[in-house]
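Student: quick one: sequence and predicted model below, then my questions.
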Amino acid sequence: CNLAGGFDCPAWPKPESEEPSTIDDLWHATVVGRGLFFNADNPEELTASLLSILSDIERRTGTATAVSANSSRRETGTHIYQSLFNSMDWSGDLLAYPISIYDGTILDQIWSAKEKLDALDHEHLGGRDIFTFDGSTGIEFKNSALSADQKALLSEEQVEYLRGDRTKEIQNGGSFRDRGSRLGDIVHSEPVYHKGVVYVGANDGMLHAFDADTGDEIMAYIPNIVFENLAELTKPSYAHQYYVNNTPYVREVDGKDYLVGGLSKGGKGYFCLDVTDVPEDELESFSPTFDVKWEYSAETENDDDLGYSYSRAYIAHTEAAGWVVIFGNGYNSAKGEAILYILDAEDGTLIEKLKTGVADCNGIPADVNIIDKNRDGNADFVYAGDLKGNLWKFDLRGNSPGDWNVAFDGNPLFTAKNSDGETQPITMRPAVMPSCMRGLGGSMVIFGTGRYVNESDFEDFTTQSFYGIWDWQEAWVNIEGVSGEDKHFGTFEADGTGENETLSNLSGDLADLTLLRQEVTLEPLYEGREWIIVSDNEINYYNFDPESGESEDEEHVGWVFDLIRIGERGLENPVIRNRVLMAVGTAPVPDICEAGGTSVLYQLDACSGGATGRPEFDVTGDGTIGSDDVIDGDLPSGLVYDTIIYRPVPIGDKAYVATTDDTDKPDDFVIPPIRKIGYWHEINFNN
């Protein structure tokens, strides 16, 4: 009770026969066990109670990541992949579903990675290709190959258990923990498809590589960073821990395929593998000595700036240093400053830390967005948010890493605060698209605010928001011929009305510029669903050319709208499709002992943050989107789900979302087609 709300727990009386205290004691047992208690006085109540218990057991199996796909188009062979976890026994699964090329429906599951691994007999377990790192080079994860330090942490029997041997589990007469599956829970690592292989991190201590067509495990990797906690997985008293819990990233580097991954809450570190030969399925050519590239951790590097590796690592090419790995420094670093890391992709050595100077329990916890502005193949800018509500822009242009810097002379582009003056943390990857002011340059940077990590976050009802900010620095360079380094916006000083809201660093002729505020209302049940209506207030961006004929009332450099549902916050990375923003607002259950919550799926004009001016949802449920998909004349801009949903994945004219209460298949919904040329005819005026 104290953990959940800070109030006192009741005293528990000694149970006596046929006394109310006996019932109290049974209730006590359910509270301690975080279960359910039912008091049934008749057969009907008993039946209903048993059904509720079964439902509660089922909901403990869920998904906590977005689905992924092997194509952005609906075509033969298009599949989506969904990862799962079961909190009853902390097992996991990865499922593959084909997509109908005719109507985009999700067809029956074609394989389960859990079933494939659990079907292996004892003879074939020894042939599993599992690798690790001994601190200097890659090795096989077998007792005979481990370093002395690693052997001191794991016995030979524990190594075999982790490789999948189940003969020593308690249920088979041994002393090790009973497992529901050889595949551990997959909680926050999204599956990633690359060249016929699906990669995903699991909390059995491994990054797994599965054949995308069959679901067979091709290989697995155990980072040395998690070694000191591996023995916990074998103990009957095991309490859930995180291990390889972040989403990997794969990219071709000079003809080879490199995979980088982090641990999220599993630790403070990253690793890199050369997975070029993994799709071959035989792995005779996979040499751990060469293909396990490196590991970088706070402990081995004695690095107080690196926190828990929640920020997904990305591989990019820079003019100054070639191929690099870029990520934020995460949560809970020893120094608590927000820092961008850049490592050498080949050997993992630190090239640069770009420090913001903003500390005090701060960090860059989420994925960053890397932009190649001039399309020359080199990363130019990186956008990232921090826990203090700062939106940062890092400049990676220049001939040497010494030229890299925090843009705007070390100031954030923008700082988010709500109308109560409260800090709004940014824990999602900002979405970036070209400026809405065509011809002027710059970028639109779109993000939501909110956090869901600490115990205090469960009952955090601070007003959170979505923002679209025009990074106009390029326009100042191109139009005015100045660097624009002093043209950061400062802190958003809001009153919630849209009338007297200012940006603290804008003064003089720019002092009246602000963000357009869109209004949000909740529509009661319509066609069996709850909807969100967002206004379509017109945005008037600042115009650098007074002779263009544009309106003289230009006043905006972006937009904002507040999330109105209790506890709602922006946690999922947004998606921009055809200048339509697809974003998710999440409202978790405000109880540390409970799971789940509700969500809103938004589809909005990415340039204004308001309604798009055309239907975006199939309100009538007829499978199409048309002029009748309105509610009392209003275009709905958000759909309320009675469960938590994750980032949508658009494929053709449908998008797919994973939910926390649907372990059968992901949900799908119709989306408007992308406007494109459907017909053209050449006209020759000379004939």
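Tutor: Sure, I can see it. Keep in mind that what you see is a predicted model, and the values were worked out from it rather than measured.
Student: how near is the nearest residue to Val575 once chain neighbours are set aside to Thr247?
Tutor: Excluding the flanking residues, the one nearest Val575 by C-beta to C-beta, 6 or more residues apart in numbering is Met582, at 4.3 Å. In short, each C-beta sits where N, CA and C put it, glycine included. Plainly put, Met582 is 19 Å away from Thr247 if you go by C-beta to C-beta, to the nearest Å.
Student: before we move on, the earlier item: and the residue nearest to Val575, how far from Phe466?
Tutor: 12 Å.
Student: about what we covered before: and the residue nearest to Val575, helix, strand or coil?
Tutor: Here Met582 is strand, with the state taken from DSSP: H, G, I helix; E, B strand; the rest coil.
Student: does it touch Ile645 like I think?
Tutor: No - counting by C-beta atoms under 8 Å, Met582 sits too far from Ile645 to count as a contact (11.2 Å).
Student: who touches both of the two?
Tutor: Common neighbours of Met582 and Ile645, counting by C-beta atoms under 8 Å, 6 or more residues apart in numbering, are Leu601.
Student: neighbour count: the two, which is higher?
Tutor: Neighbour totals were compared for Met582 and Ile645, and Ile645 leads with 26 against 23 (other C-beta atoms under 10 Å).
Student: if the more buried one is in a bridge, with which residues?
Tutor: Thr659 (DSSP bridges).
Student: how about it, what does it touch?
Tutor: Neighbours of Ile645 in contact, by C-beta under 8 Å, 6+ apart: Val584, Ser599, Leu601, Val657, Ala658, Thr659, Thr660, Asp667.
Student: and the closest residue to the third one other than its chain neighbours, what element?
Tutor: Taking C-beta to C-beta, 6+ apart as the measure, Leu601 lies nearest to Leu639, with 4.9 Å between them; neighbours along the chain are not counted. Secondary structure assigned from DSSP states H and E places Leu639 in strand 638-641.
Student: that strand pairs with which strands?
Tutor: Using DSSP bridges, strand 638-641 pairs in its sheet with strand 529-534 (antiparallel), strand 597-605 (antiparallel).
Student: joint contacts of Met582 and Phe466?
Tutor: Joint contacts of Met582 and Phe466 (C-beta under 8 Å, 6+ apart) are Pro574, Tyr602.
Student: so who does the spatially closest residue to Leu571 that is not a sequence neighbour touch?
Tutor: Nearest non-adjacent residue to Leu571, counting by C-beta to C-beta, 6+ apart: Thr586, 4.9 Å away. Thr586 makes contacts with Gly450, Tyr452, Glu568, Arg569, Gly570, Leu571, Glu572, Gly597, Thr598, Ser599, Ile644, as judged by C-beta under 8 Å, 6+ apart.
Student: present these as a markdown table; the columns should include distance to Ala148.
Tutor: Formatted as a markdown table, these follow (distance: C-beta to C-beta, whole Å):
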| residue | distance to Ala148 |
| --- | --- |
| Gly450 | 46 |
| Tyr452 | 41 |
| Glu568 | 52 |
| Arg569 | 47 |
| Gly570 | 47 |
| Leu571 | 43 |
| Glu572 | 44 |
| Gly597 | 47 |
| Thr598 | 52 |
| Ser599 | 49 |
| Ile644 | 45 |
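Student: highest neighbour count among these?
Tutor: Arg569 (28 neighbours).
Student: partners of it in the sheet?
Tutor: Thr586.
Student: low-scoring pLDDT stretches of the stretch 451-600 of the chain, where are they?
Tutor: Across the stretch 451-600 of the chain, residues meeting the criterion (pLDDT under 70) sit at 546-553.
Student: so for the host helix or strand of Val324, mean pLDDT?
Tutor: Secondary structure assignment for Val324, by DSSP H and E: strand 322-328. On average, the pLDDT along strand 322-328 is 98.
Student: so which of the strands paired with strand 638-641 is the most packed in?
Tutor: Using mean count of other C-beta atoms under 10 Å, the stretch among the strands paired with strand 638-641 with the largest mean neighbour count is strand 597-605, at a mean of 24.
Student: can you give the distance of that strand from its chain's centre?
Tutor: Its chain's C-alpha centre and that of strand 597-605 lie 15 Å apart, by C-alpha atoms, centre = their mean, to the nearest Å.
Student: touching, Asn540 and Val557? I think so.
Tutor: No - Asn540 is beyond contact range of Val557, at 10.4 Å (criterion: C-beta under 8 Å).
Student: of those two, which one has the most company?
Tutor: Val557 (25 against 15).
Student: A helix includes that one, no?
Tutor: No - assigned with three-state DSSP, Val557 falls outside any helix and is strand.
Student: wait, it sits on Thr514?
Tutor: Yes - counting by C-beta under 8 Å, Val557 touches Thr514, with 7.4 Å between them.
Student: now the phi/psi pair for Gly112, please.
Tutor: Careful, residue 112 is Ser; it's not Gly. As for Ser112, its main-chain torsions (degrees, to the nearest 10) stand at phi -130, psi 120.
Student: need the contact list for it.
Tutor: For Ser112, the contact set (C-beta under 8 Å, 6+ apart) comprises Asp93, Leu94, Leu95, Gly215.
Student: could you report the neighbour count for Lys168?
Tutor: By the measure other C-beta under 10 Å, the count of residues near Lys168 is 16.
Student: if you skip the residues just before and after it, what's nearest to it?
Tutor: Closest to Lys168 by C-beta to C-beta, 6+ apart is Gly174, at 3.3 Å.
Student: distance of that neighbour from Leu84?
Tutor: In terms of C-beta to C-beta, Gly174 sits 27 Å off from Leu84.
Student: compare those two (neighbour count), which wins?
Tutor: Leu84 (23 against 16).
Student: element containing that one?
Tutor: Assigned by DSSP H and E, Leu84 falls in strand 79-86.
Student: pairing partners for that strand, with directions?
Tutor: strand 61-62 (antiparallel), strand 68-69 (antiparallel), strand 91-98 (antiparallel).
Student: comparing those, which comes out most buried?
Tutor: Burial of the strands paired with strand 79-86 is given as mean neighbour count (mean count of other C-beta under 10 Å); strand 91-98 ranks first at a mean of 23.
Student: redo the strands paired with strand 79-86 as a markdown table? Include distance to Leu522 and mean pLDDT.
Tutor: A markdown table is the format used below for the strands paired with strand 79-86 (distance: least, C-beta to C-beta, whole Å; pLDDT from 0 to 100):
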| stretch | distance to Leu522 | mean pLDDT |
| --- | --- | --- |
| strand 61-62 | 26 | 62 |
| strand 68-69 | 31 | 94 |
| strand 91-98 | 33 | 96 |
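Student: of those strands, which is nearest Asp165?
Tutor: strand 91-98 (16.2 Å; C-beta to C-beta).
Student: what's next to the closest one, contact-wise?
Tutor: Applying C-beta under 8 Å, 6+ apart, the set of residues contacting strand 91-98 is 77-86, 106-114, 179-181, 183-187, 191, 198, 200, 202-204, 208, 210, 212, 215, 665-666.
Student: can you select the buried ones from those in PyMOL?
Tutor: PyMOL command restricting these to the buried ones, with burial defined by 16 or more other C-beta atoms under 10 Å:
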select buried, resi 78+79+80+81+82+83+84+85+86+106+111+112+113+114+179+181+183+184+185+186+187+191+198+200+202+203+204+208+210+212+215+665+666
